[in-house]
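Asks: Dropping a prediction and its sequence here:
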Amino acid sequence: MNKCVRNIFLLFLCVVIFPFHVFAEEESFAVPTISLFAEKNYEQLREMLPLYQNAVMHPWPTIPETNKKLKIGIKNSAVVFLRERLKATRDLPEYYNRPDDLFDRSLAQAVKAFQNRNGLVADGIVGKMTLQALNVSPAERVNQILINMQRWINLSHQLSGRFVMVNIPDYQLYAYDNDEKILTMKAIVGKPEAETPELQSQISRLVFNPYWNVPTKIAQNEIVKKVQENPGYLDENRLKILSSEEDNAREIDQDQVDWYSAQTNGFPYRFRQEPGLDNSLGVVKFEFQNSHDVYLHDTPAKELFNQDERALSHGCVRLENPLALVDFLMDGNPDWNEERLQEMLDSDRPKYVKVSRPTQIVITYITAWVDDSGAMNFRDDIYGKDN
């Protein structure tokens, strides 16, 4: 039996026969109050599940590869398969019908709807990435839905009241207050070889104009090599060499470092980048206690947010619009206003500010959900966790 199909039946009993609210209401389990936000997401996935279960029994067609991209005006036998595939997931209305194999505007709109649901560029053109997403089997999609239903159960006691959520595969940050979405912004997360961890904590402090204390791995594997190739690299990037990470650490002159030994035996000091607009952490970072030493922060590389796939960092989460998150976290503080914010930003030294209310942050990994418009969304399993 196919592995995905087997998983469907193994999970069917626990998450379909015994739905979310059963566990919430059964007194003998003594389960705390369920998050309405998590329950809503669970129920929406459960409602979508039969469509994809039915497709397991009556699979949608596989769209053959073609020499050219499928787009408006193209005539190709693959277009007929594409129509049936998009009808199967209701991206194209069931009543739509054409007697030929022409790719028309209605089909382009259906392709755009599919692309939006799958985190792809919504250009209405079937290229390599869109074709791959279209040809994911119904069994794989059912497996993905079931796994994410279980994830919402696991999150059921973490997402309530006022919280910030980062969804790693979606490359997005969301801020909620009493189940109302207040804020959405693009995020950059860790590369597959430097995963952003799943965690729960509380954002407790903001640091404006932060130093960047370069992590040991980045210092050893990247910066030491760049200094050897370009002796002016440290000055160009306003990086200092310090004897340690202590506040009173002694500064080391670049000429005193044995760079060959640093490359082969390890860099014995610390690099620190001074505050400024070109600082790798940007103008603000958001601190929360965790064992992974990760945080949220600004970035000067704003152009990276134009990319659709944003698994680009060393593990921390970079934010497209960090000052909007500052506003959310400082809301309710009568002493915080635009003048105070500007005062923080104008400083050439780090400034530390406690948030008005310590706010829960959950960094999670959701690859299937139903969005606010009722559309079923899927994202690539960038870290291979769906297996």
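Replies: Received the coordinates, thanks. Numbering: from 1, shown residues only.
Asks: got a pLDDT number for residue 246?
Replies: At residue 246, the pLDDT value in this model is 80.
Asks: Now it: which helix or strand?
Replies: Under the assignment given by DSSP states H and E, residue 246 is not contained in any helix or strand.
Asks: now residue 152
Replies: Going by DSSP H and E, residue 152 is in helix 138-154.
Asks: Report the backbone C-alpha coordinates of whichever helix or strand comes after that helix in CSV.
Replies: Going down the chain from helix 138-154, the next helix or strand is strand 162-167, by DSSP H and E. The C-alpha coordinates for strand 162-167 follow below in CSV (Å, rounded to 0.1, in the frame of the first residue of the first chain):
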residue,chain,number,x,y,z
ARG,A,162,-2.8,38.4,22.1
PHE,A,163,0.0,36.7,20.2
VAL,A,164,2.5,36.8,17.4
MET,A,165,2.8,33.8,15.1
VAL,A,166,5.5,33.0,12.5
ASN,A,167,4.6,30.3,10.0
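Asks: and the next helix-or-strand element following strand 162-167, what other elements does it pack with?
Replies: Using DSSP H and E, the helix or strand that follows strand 162-167 in sequence is strand 172-177. Here strand 172-177 touches strand 162-167, strand 180-190, helix 322-330, going by 3 or more CB pairs under 8 Å, 6 or more residues apart in numbering; DSSP states H and E. C-betas here are computed from N, CA, C, even on glycine.
Asks: could you give me the average pLDDT of the longest one?
Replies: Read it as strand 180-190. 96.
Asks: residues in contact with that strand?
Replies: Residues outside strand 180-190 that contact it (CB atoms under 8 Å, 6 or more residues apart in numbering): 166, 168, 171-176, 196, 299, 304-305, 310-321, 324-325, 328, 372.
Asks: Over to the shortest one?
Replies: The contact list for strand 162-167, computed with CB under 8 Å, 6+ apart, reads 159, 172-178, 187, 189, 196, 203, 296, 317, 325, 328, 357, 359-366.
Asks: Show the buried residues in those residues.
Replies: Among the contacts of strand 162-167, the ones that count as buried by 16 or more other CB atoms under 10 Å are 159, 172-176, 187, 189, 196, 203, 296, 317, 325, 328, 357, 359-366.
Asks: Off-centre distance for stretch 61-78?
Replies: On the basis of CA atoms, centre = their mean, to the nearest Å, stretch 61-78 sits 31 Å off its chain's mean C-alpha point.
Asks: for that stretch, how far is the first residue from the last?
Replies: 10 Å (CA to CA, to the nearest Å).
Asks: Now that stretch: buried residues?
Replies: In terms of neighbour count (16+ other CB under 10 Å), stretch 61-78 has its buried residues at 63, 70, 74, 76, 78.
Asks: what helix or strand does residue 91 sit in?
Replies: Following DSSP H and E, there is no helix or strand that holds residue 91.
Asks: An error on my part: the question was meant for residue 132.
Replies: helix 128-134.
Asks: That helix - contacts with which helices or strands?
Replies: By 3+ CB pairs under 8 Å, 6+ apart, helix 128-134 packs against helix 105-117.
Asks: For the helix it packs on, which helices and strands make contact with it?
Replies: Counting contacts by 3+ CB pairs under 8 Å, 6+ apart, helix 105-117 is packed against helix 78-88, helix 128-134, strand 376-378.
Asks: Could you pull up the mean pLDDT of stretch 331-341?
Replies: The average pLDDT within stretch 331-341 is 91.
Asks: Alpha carbons only: can I get that stretch in PDB?
Replies: Only the C-alpha atoms of stretch 331-341 are listed here, as PDB (Å, rounded to 0.1, in the frame of the first residue of the first chain):
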ATOM      1  CA  ASP A 331       0.100  49.500  21.900                       C
ATOM      2  CA  GLY A 332      -1.400  50.600  25.200                       C
ATOM      3  CA  ASN A 333       1.700  52.300  26.600                       C
ATOM      4  CA  PRO A 334       0.800  55.900  27.200                       C
ATOM      5  CA  ASP A 335       4.500  56.900  27.300                       C
ATOM      6  CA  TRP A 336       5.100  55.500  23.800                       C
ATOM      7  CA  ASN A 337       4.600  57.700  20.700                       C
ATOM      8  CA  GLU A 338       6.100  58.700  17.400                       C
ATOM      9  CA  GLU A 339       8.500  61.100  19.100                       C
ATOM     10  CA  ARG A 340       9.800  58.500  21.500                       C
ATOM     11  CA  LEU A 341      10.200  56.000  18.600                       C
END
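Asks: I would like the residues contacting it, please.
Replies: Contact with stretch 331-341 is made by 323, 326, 330, 356-357, as judged by CB under 8 Å, 6+ apart.
Asks: for it, which positions count as buried?
Replies: Buried-residue list, stretch 331-341, by 16+ other CB under 10 Å: 331, 336, 341.
Asks: now those in JSON lines, with distance to residue 36?
Replies: As requested, the buried residues of stretch 331-341 are exported to JSON lines (distance: CB to CB, whole Å):
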{"residue": "331", "distance to residue 36": "21"}
{"residue": "336", "distance to residue 36": "29"}
{"residue": "341", "distance to residue 36": "33"}
